[in-house]
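In: Generate a structure from the sequence data that follows.
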Amino acid sequence: MLRIHFGPEDLARTRIAAAPDPLWEIASSLHRFQTQSGRRSYADWYREARAALSDNRLGTAVLGLLTLFPRATYFPDFLTPCEAESGLEHGLAAILSTPPARVRHEVGRLVQVTDAPSAVFALVDKAAREELVRVLRAYDNAVIAPYRDRMQTCVDAERGRLARAFLDGGTDSMLRSLPPIMRWRPPVLEVDYCETRDLHLDGRGLLFIPSYFCWRTPVSLADPGLPPVLVYPVSRPDPRAAPDRTDAPLTALLGRTRAAVLNVVANGATNSELARAVSVSPATATHHTTVLRDAGLIESQRHANTVLHTLTPAGAALLRSHRRGPSPVA
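Out: Numbering: from 1, shown residues only. Sure thing, here's the model as predicted:
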């Protein structure tokens, strides 16, 4: 269990990441290759990823990544720098600029706790890290990028859910609304974890990072002196429960009211909020959301006594296209 100790300043400085962290997603996705756990939930991705990595050069390079990102109690912190919150290229630049002494220390710890070969010490040299960055970029492009829209959709839904809890009852309410793998017992957040330790925030606050590829158990940085983060699995739609949408009734969106509903859902909304926003009864709002959900344009998650509706990637794309308007005729 990980026990995260909050003080008054930490409660004020706690944040939820606005987007999936690209390097944490790379790390977590590499963990999916190393275990059968969760394989069914990621079946489509796993099949597509294997095909994408069938290129011998990239596939061989990814085997080296598995050594650096083992599914174990430790992998080097410098591989998931906080700069990646601003995007993949910022994170890769941070990896390149990591001081050699820190690389040597963290790689040495990796060798001690796993069966990583001593050859990983080559990363102390910047040239080796430049090659690592090249492989990470190629892996992201081949395996992560095709899922970026649905990853963002899941993060948006989680942020919307927690934002509502915060608006209803402040940070305390938000922390109590976290998934069951995290339990808020003020002033400590107890987290299901791979080992037992304590993390004292000491006024720095905590960045929660909802993750698409993280499975079951949250992850944090090993060095307590680094900016505190907690990566945790975000709720994802069950692909086995998704209807066949090849003939989705998109023509049902031609109605003015339903288009208005889709616009309201862009910011996340419950049935009662939709009813008020478009001036219809709750029953009518439910009918419209059912049609939109069957069309694959929104998804709905139940939390306690309310149902929160958010856009799917298809819904977001359709709404963006509608707002841009038709292309000019040449």
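
In: My guess is residue 216 contacts residue 32. True?
Out: No. Using Cβ atoms under 8 Å, residue 216 is not in contact with residue 32; the gap is 11.4 Å. For the C-beta atoms, the positions are set from N, CA and C on the backbone; glycine is no exception.

In: More neighbours: which of those two?
Out: Shown here are residue 216 and residue 32; by other Cβ atoms under 10 Å, residue 32 has more neighbours (20 against 11).

In: For the closest residue to that one other than its chain neighbours, give me its contacts.
Out: Nearest residue to residue 32, sequence neighbours excluded (Cβ to Cβ, 6 or more residues apart in numbering): residue 42, at 5.6 Å. Residues in contact with residue 42, defined by Cβ atoms under 8 Å, 6 or more residues apart in numbering, are 32, 213, 215.

In: Show me whatever sits in contact with both of residue 216 and residue 32.
Out: Listed as contacting both residue 216 and residue 32 by Cβ under 8 Å, 6+ apart are residue 38.

In: Could you grab the helix/strand/coil label for residue 160?
Out: helix (DSSP: H, G, I helix; E, B strand; the rest coil).

In: What of residue 302?
Out: Counting by three-state DSSP, the backbone at residue 302 sits in strand.

In: Throw the contacts of residue 42 into a markdown table and include secondary structure and distance to residue 203, thanks.
Out: Output for these, formatted as a markdown table (DSSP: H, G, I helix; E, B strand; the rest coil; distance: Cβ to Cβ, whole Å):
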| residue | secondary structure | distance to residue 203 |
| --- | --- | --- |
| 32 | helix | 35 |
| 213 | coil | 31 |
| 215 | coil | 32 |
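
In: contacting residues around residue 45?
Out: 29, 32, 147.

In: Would you state the strands of this protein in chain order?
Out: 2-5, 15-16, 182-185, 188-191, 197-200, 207-211, 229-233, 269-270, 298-303, 306-311 (DSSP state E).

In: Out of these, which is the most enclosed?
Out: Across these, the average number of neighbours (mean count of other Cβ atoms under 10 Å) peaks for strand 207-211, which reaches a mean of 24.

In: got the contact list for that strand?
Out: Strand 207-211 is contacted by residues 14-17, 20-21, 24-25, 28, 82, 85, 154-155, 158-159, 178, 227-234 when judged by Cβ under 8 Å, 6+ apart.

In: Which members of these are classed as buried?
Out: 14, 16-17, 20-21, 24-25, 28, 82, 85, 154-155, 158-159, 178, 228-234 (16 or more other Cβ atoms under 10 Å).

In: Residue 275: which of the contacts of residue 45 is nearest?
Out: Using Cβ to Cβ, residue 147 comes nearest to residue 275 of the contacts of residue 45, at 33.4 Å.

In: Not counting its neighbours along the chain, what's nearest the closest one?
Out: Setting aside the residues directly before and after it, residue 147 is nearest to residue 45 in space (Cβ to Cβ, 6+ apart), at 6.2 Å.

In: how near is the one you found to residue 312?
Out: Separation of residue 45 from residue 312 (Cβ to Cβ, to the nearest Å): 16 Å.

In: if we can go back for a sec, pLDDT at the residue nearest to residue 147, what is it?
Out: Looking at residue 45, its pLDDT is 92.

In: again with residue 326
Out: 45.

In: With residue 330 instead?
Out: So, for residue 330, pLDDT stands at 34.

In: My read is that residue 123 contacts residue 132, right?
Out: Yes. The criterion here is Cβ under 8 Å, and residue 123 meets it with residue 132 at 6.5 Å.
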